[in-house]
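Asker: 3D model of this:
(2 chains)
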Amino acid sequence: MLDLAPLNTVMRALADPTRRAVYERIVGVEEITVAELTRGSGVTQGAVSQHLKSLKNAGLVAERPEGRNVYYRAEPSGLAPLVDWMSHYGVFWRKRFANLRALMKEIDP
Amino acid sequence: MTQEIVVDEVFPHPPEKLWQALTDGELMARWMMPPSGFEPVVGKHFTFKTTPAGEWDGVIHCQVLEVVQNERFAYAWKGGHESNVGYGSRLETVVTWTLTKVSGGTRLRLVHSGFVLPKNESAYRNMSDGWNKIVHRLDATVGERKGHE
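Answerer: Predicted structure coming up:
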């Protein structure tokens, strides 16, 4: 297996359709507040805050407090575990481990 | 900022046997790729031939960096070309294998390190079209993974 802990966190964070919608909105703008995110989202501000917390814990968004507002922005490097998992070499090595396992069964039964 | 790929698995075989598969050119060819000019000797250069991309001929240039029998084996892994993005992009990486004896077998850890991440905003924007599609396919995968934990 890959080093799955960060990957699982990112996948979990993005697997929830509402949370993913929140994330997509953040990605689409420079910065955004909870109130702006809540508007038109169909969920309560409390729910949006919870989703933001998960996204923050997963390293997908960062926050910047200013006065009474907190501005959220996407953190591109948070997608790294995902990119890595899908990348050529992530796939390459997982396949090679499977090959090696099969070969070992043959040469050391 | 660089990134590494880690694969870590336990094999039901002793370290000596796995070591053979990792460091014997003929066995290497059977599970990885056929190496050219390989010898498990520090400093030795060897190559792998993979699919070319753009201005890159598909040759991976390797050099043995470390050989600790039955324990640790590392080589440089370089290739790609500046003009490529994604597959075939410039690579200056290191592959390190670590073998640890555990009850009933060997823990084999691969670390492929030195990948440069997209770090600026334009790279992120280029990527964001792709991730959108991909993330939508992840729901099912996460469901499967939850079952394994």
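Asker: where do the strands sit along chain B?
Answerer: Assigned by DSSP state E, the strands in chain B fall at B:2-11, B:45-49, B:59-68, B:72-79, B:91-102, B:105-116.
Asker: least confident secondary structure element in chain A?
Answerer: Taking all helices and strands of chain A together, the one with the lowest average confidence (mean pLDDT, DSSP states H and E) is helix A:80-86, at a mean of 72.
Asker: what pairs with B:Trp56 across the strands?
Answerer: According to DSSP bridges, B:Ala53 are recorded as the beta-bridge partners of B:Trp56.
Asker: isn't it right up against B:Lys78?
Answerer: No. Distance between B:Trp56 and B:Lys78: 11.0 Å, which falls outside the contact criterion (C-beta atoms under 8 Å). All C-beta spots, glycine's among them, are computed from the backbone N, C-alpha and C.
Asker: those two: which is more packed in?
Answerer: Between B:Trp56 and B:Lys78, B:Trp56 has the larger neighbour count (other C-beta atoms under 10 Å in any protein chain shown), namely 21 against 17.
Asker: pLDDT below threshold where in chain A?
Answerer: Judged against pLDDT under 70, the low-scoring parts of chain A cover residues A:1-4, A:84-86.
Asker: where among the strands of chain B is average confidence lowest?
Answerer: By mean pLDDT, the lowest-scoring of these turns out to be strand B:2-11, with a mean of 81.
Asker: that one to strand B:91-102, inter-axis angle?
Answerer: 30 degrees (axes from the mean of the first three to the mean of the last three C-alpha atoms, to 10 degrees).
Asker: list the helices and strands strand B:2-11 packs on?
Answerer: Using 3 or more C-beta pairs under 8 Å, 6 or more residues apart in numbering or on different chains; DSSP states H and E, the elements in contact with strand B:2-11 are helix A:80-86, helix A:88-107, strand B:105-116.
Asker: so which bits of that strand are buried?
Answerer: Within strand B:2-11, the residues that qualify as buried are B:3-9, B:11, counting by 16 or more other C-beta atoms under 10 Å in any protein chain shown.
Asker: then stretch A:101-109?
Answerer: A:103-104.
Asker: repeat for stretch A:23-33
Answerer: So for stretch A:23-33, counting by 16+ other C-beta under 10 Å, buried means A:23, A:25-27, A:31-32.
Asker: what is the distance between that stretch and the centre of its chain?
Answerer: Computed by C-alpha atoms, centre = their mean, to the nearest Å, the separation of stretch A:23-33 from the middle of its chain amounts to 14 Å.
Asker: then stretch A:62-73?
Answerer: Centroid separation for stretch A:62-73 versus its chain: 20 Å, with C-alpha atoms, centre = their mean.
Asker: same deal with stretch B:41-50?
Answerer: A distance of 14 Å separates the C-alpha centroid of stretch B:41-50 from that of its chain, computed with C-alpha atoms, centre = their mean.
Asker: could I get the buried residue list for it?
Answerer: Neighbour-count burial for stretch B:41-50 flags B:46-48, B:50 (criterion: 16+ other C-beta under 10 Å).
Asker: quick check: beta-bridge partners of the spatially most central residue of chain B?
Answerer: The centroid of chain B falls nearest to B:His112 when counting by C-alpha atoms, centre = their mean (4.6 Å). On DSSP bridges, the residues paired with B:His112 through beta bridges are B:Ile5, B:Val95.
Asker: my guess is it meets B:Leu91, correct?
Answerer: No. B:His112 is not in contact with B:Leu91 according to C-beta under 8 Å; the separation is 9.7 Å.
Asker: got any residues that touch both of those two?
Answerer: Shared contacts of B:His112 and B:Leu91, defined by C-beta atoms under 8 Å, 6 or more residues apart in numbering or on different chains, comprise B:Trp77.
Asker: flag every residue of chain A that's near chain B.
Answerer: Where chain A comes near chain B, counting by C-beta under 8 Å from any C-beta of the partner chain, the residues are A:1-4, A:8, A:11-12, A:14-15, A:17, A:20, A:24, A:27, A:74, A:76-77, A:79-80, A:82-84, A:86-90, A:93-94, A:96-97, A:99-104, A:107-108.
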